[in-house]
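1. sequence unknown, structure follows:
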């Protein structure tokens with residue numbers, strides 16, 4: 001921030017051309033892409049320093065009310081006193097609003113104007129004695145909150161393991177599982193010679209009506225794991241027993257079996273009914289599947305408004321599929337009033353979580369423009385690239401065309417050739433657009449293009465591995 005514009009340009013040019021760090025190879029020889037990423041990183045840093053925890057403009061909540069509810073989770077407060085929950089939630093969002101009127105993440109500095117992009121989080125974890133008070137609550141990008149929660153859970157498990165190993169007598173005295181703790185993690189972590197005994201205990205529990213154990217047996221029969229013979233019929237029967245007791249995972253898996261006709265007679269109607277039961281319990285995968293069935297009229301009467309309703313429920317939980325496909329409905333005006341700006345907002349929420357279809361949709365909207373959305377070829381190229389780097393071949397072709405024509409990026413036939421190579425991947429390489437670009441390149445440029453292909457392949461592979 002202390003550099004003049006000329007000094008900043010000189011510094012960035014220097015590191016871009018520095019062969020030791022190979023930034024140009026990392027960013028696929030696309031300097032504009034490199035500069036854009038620097039700009040984003042800088043923006044996060046500028047938003048992320050010196051403003052977290054600022055309470056200016058926030059009206060204090062009554063101390064008696066805070067004490068009354070401080071030992072409850074936000075979900076428990078909502079059930080006990082919706083009005084207080086609403087007030088507390090609004091104060092947290094106000095606390096984490098910047099001067100532009102955007103909400104910001106207390107951990108990453110990510111900003112967005114939509115509440116859907118954030119969740120309220122305890123600074124000192126609730127599980128470790130943190131209170132549900134305004135001063136102990138922060139706003140966090142929903143996906144960062146899930147990462148944080150997963151890390152805290154992992155640390156908790158690690159601490160238990162350390163304590164157990166430190167005192168063998170203490171470990172043996174502890175119960176290994178509570179009455180309801182039948183889970184697949186225990187089975188997959190079990191030593192091979194101890195597995196038959198564990199499976200027997202799960203089988204006994206399943207016959208006694210334990211829903212979690214029934215689900216686990218269904219899963220093992222479905223996959224053939226843990227030495228179990230793969231048997232879709234048995235899997236479906238155990239899933240049903242568990243699902244009828246309200247087990248969400250069993251409901252989803254039973255729905256999928258009806259959808260695919262595995263172990264049961266194929267029935268989209270039954271699939272929709274079981275997806276609905278899980279969706280009503282808040283399962284986002286089921287909500288998305290049910291929405292899709294309403295969209296296609298599969299097992300239910302086609303109803304775009306119902307599709308939008310279920311995608312909305314998934315989107316409100318931060319689910320990128322829900323966000324993207326709800327965006328498509330707003331884009332088209334199917335089941336909801338057409339609203340391109342709202343569609344863009346939803347596309348962006350999903351795209352920023354790495355949803356490659358949403359990234360392409362965002363790029364398409366910037367490329368073609370719409371009412372309230374001016375054309376922006378640079379933004380189109382940026383989002384096509386994000387999607388292309390996750391292996392989306394349609395986005396790869398669109399990005400290649402931009403490089404071939406110099407639209408939104410500097411014209412670069414080598415990069416156009418590289419992205420076309422990846423998009424066609426040895427198929428339809430006689431396509432006119434691919435052939436025309438290739439014929440314009442020298443032998444040296446073709447070799448450079450192949451090097452770029454290898455760089456991009458590695459980026460795509462790394463991204464896909466990270467998303468698994």
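-> Structure received. This structure is a prediction, so every number in the text was calculated from the model and none was measured. Numbering: from 1, shown residues only.
2. tell me how many other residues crowd residue 67.
-> 11 (other C-beta atoms under 10 Å). Placement of C-beta: from N, CA and C, glycine included.
3. so it is in which element?
-> Secondary structure from DSSP states H and E places residue 67 in helix 63-69.
4. after that helix, next one along is what?
-> In N-to-C order, the element after helix 63-69 by DSSP H and E is helix 74-80.
5. now do that following helix: which elements does it pack against?
-> In this structure, helix 74-80 makes packing contacts with helix 82-95, judged by 3 or more C-beta pairs under 8 Å, 6 or more residues apart in numbering; DSSP states H and E.
6. for residue 370, give me phi and psi.
-> Dihedral pair for residue 370: phi -160, psi 180, per degrees, to the nearest 10.
7. look up which residues are beta-bridged to it.
-> Bridge pairing for residue 370 (DSSP bridges) gives the partners residue 373.
8. residue 343 versus that one, what's the distance?
-> 9 Å (C-beta to C-beta, to the nearest Å).
9. so between these two, which is more surrounded?
-> Neighbour totals were compared for residue 370 and residue 343, and residue 343 leads with 25 against 16 (other C-beta under 10 Å).
10. is the more buried one within a helix or a strand, and which one?
-> Here residue 343, judged by DSSP H and E, is contained in helix 340-351.
11. so how far is residue 70 from residue 132?
-> 5 Å.
12. on that earlier part again, buried set for the helix holding residue 67?
-> Residues of helix 63-69 classed as buried by neighbour count (16 or more other C-beta atoms under 10 Å): 66, 69.
13. quick one: contacts of it?
-> Outside of helix 63-69, the residues within contact range by C-beta atoms under 8 Å, 6 or more residues apart in numbering are 77, 80, 81, 84, 88, 132, 133, 134.
14. if we go to 7 Å?
-> With contact meaning C-beta atoms under 7 Å, 6 or more residues apart in numbering, helix 63-69 is reached by 77, 80, 81, 84, 132, 133.
15. now the third one: closest residue in space that isn't a chain neighbour?
-> Closest residue to residue 81 apart from its sequence neighbours, by C-beta to C-beta, 6 or more residues apart in numbering: residue 69 at 6.9 Å.
16. need the three-state assignment for the closest residue to residue 211 other than its chain neighbours.
-> Excluding the flanking residues, the one nearest residue 211 by C-beta to C-beta, 6+ apart is residue 245, at 4.0 Å. Secondary structure assignment for residue 245 (DSSP: H, G, I helix; E, B strand; the rest coil): coil.
17. now the phi/psi pair for residue 120, please.
-> Main-chain dihedrals, residue 120, degrees, to the nearest 10: phi -90, psi 130.
18. contacting residues around it?
-> 74, 89, 92, 137, 139.
19. is it in a bridge, and if so with what?
-> Residues in beta-bridge contact with residue 120 (DSSP bridges): residue 139.
20. can you pull the pLDDT of residue 66?
-> Listed pLDDT for residue 66 reads 82.
21. does residue 201 belong to a helix or a strand, and which?
-> Going by DSSP H and E, residue 201 is part of helix 195-207.
22. averaged pLDDT, that helix. What do you get?
-> On average, the pLDDT along helix 195-207 is 91.
23. same question for stretch 280-288.
-> 94.
24. likewise for stretch 75-91?
-> In this model, stretch 75-91 carries a mean pLDDT of 81.
25. got the end-to-end distance for that stretch?
-> Distance between the two ends of stretch 75-91: 16 Å, counting by C-alpha to C-alpha, to the nearest Å.
26. residue contacts, the closest residue to residue 407 other than its chain neighbours?
-> Counting by C-beta to C-beta, 6+ apart, residue 407 lies nearest to residue 377, which is 5.1 Å off, once chain neighbours are set aside. By C-beta under 7 Å, 6+ apart, the contact set of residue 377 is 367, 407, 408.
27. could these go into JSON lines alongside secondary structure, distance to residue 6 and neighbour count?
-> Listed next are the contacts of residue 377 as JSON lines, based on DSSP: H, G, I helix; E, B strand; the rest coil; distance: C-beta to C-beta, whole Å; neighbours: other C-beta atoms under 10 Å:
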{"residue": "367", "secondary structure": "helix", "distance to residue 6": "33", "neighbour count": "19"}
{"residue": "407", "secondary structure": "coil", "distance to residue 6": "29", "neighbour count": "14"}
{"residue": "408", "secondary structure": "coil", "distance to residue 6": "26", "neighbour count": "22"}
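28. from the residues you listed, which is closest to residue 284?
-> Relative to residue 284, the closest of the contacts of residue 377 is residue 367; by C-beta to C-beta it sits at 29.7 Å.
29. from residue 277, how far off is the nearest residue to the closest one once chain neighbours are set aside?
-> Spatially, and ignoring its direct neighbours in sequence, residue 367 is nearest to residue 380 (3.8 Å; C-beta to C-beta, 6+ apart). To residue 277, residue 380 is 41 Å away according to C-beta to C-beta.
30. residue 247: what's its closest spatial neighbour, skipping adjacent residues?
-> Excluding its sequence neighbours, the residue lying closest to residue 247 (C-beta to C-beta, 6+ apart) is residue 211, at 4.5 Å.
31. re the thing from before, may I see the buried residues of the helix holding residue 343?
-> For helix 340-351, the buried set under the neighbour-count rule, 16+ other C-beta under 10 Å, comprises 340, 342, 343, 344, 345, 346, 347, 348, 349, 350, 351.
32. from the chain's centre, how far out does the helix holding residue 67 sit?
-> Distance of helix 63-69 from its chain centroid, counting by C-alpha atoms, centre = their mean, to the nearest Å, is 35 Å.
33. next: stretch 443-459.
-> Taking C-alpha atoms, centre = their mean, one finds stretch 443-459 lying 30 Å from the centre of the chain it belongs to.
34. element containing residue 312, please.
-> Following DSSP H and E, the helix or strand that holds residue 312 is helix 304-316.
35. again with residue 385
-> helix 377-388.
36. could you point out the helix or strand that follows that helix?
-> helix 393-405.
37. give me the contacts around the helix or strand that comes right after that following helix.
-> Next in sequence after helix 393-405, counting helices and strands by DSSP H and E, comes helix 413-424. With C-beta under 7 Å, 6+ apart as the test, helix 413-424 has contacts from 28-30, 388, 393, 396-397, 399-400, 403-404, 431, 433-434, 437-438, 440-441, 445, 448-449, 452-453, 456.
38. at 6 Å what do you get?
-> By C-beta atoms under 6 Å, 6 or more residues apart in numbering, the residues outside helix 413-424 that reach it are 393, 396-397, 399-400, 403-404, 434, 437-438, 440, 445, 448-449, 452-453, 456.
39. skip the chain neighbours and tell me the closest residue to residue 431.
-> Take residue 431 and drop its neighbours on the chain: the residue closest to it by C-beta to C-beta, 6+ apart is residue 424, 6.5 Å away.
40. what separates the one you found from residue 207, distance-wise?
-> Separation of residue 424 from residue 207 (C-beta to C-beta): 55 Å.
41. re earlier: the helix holding residue 312: which residues count as buried?
-> Neighbour-count burial for helix 304-316 [16+ other C-beta under 10 Å]: 304, 306, 307, 308, 309, 310, 311, 312, 313, 314, 315, 316.
42. alright, that wraps it up for me.
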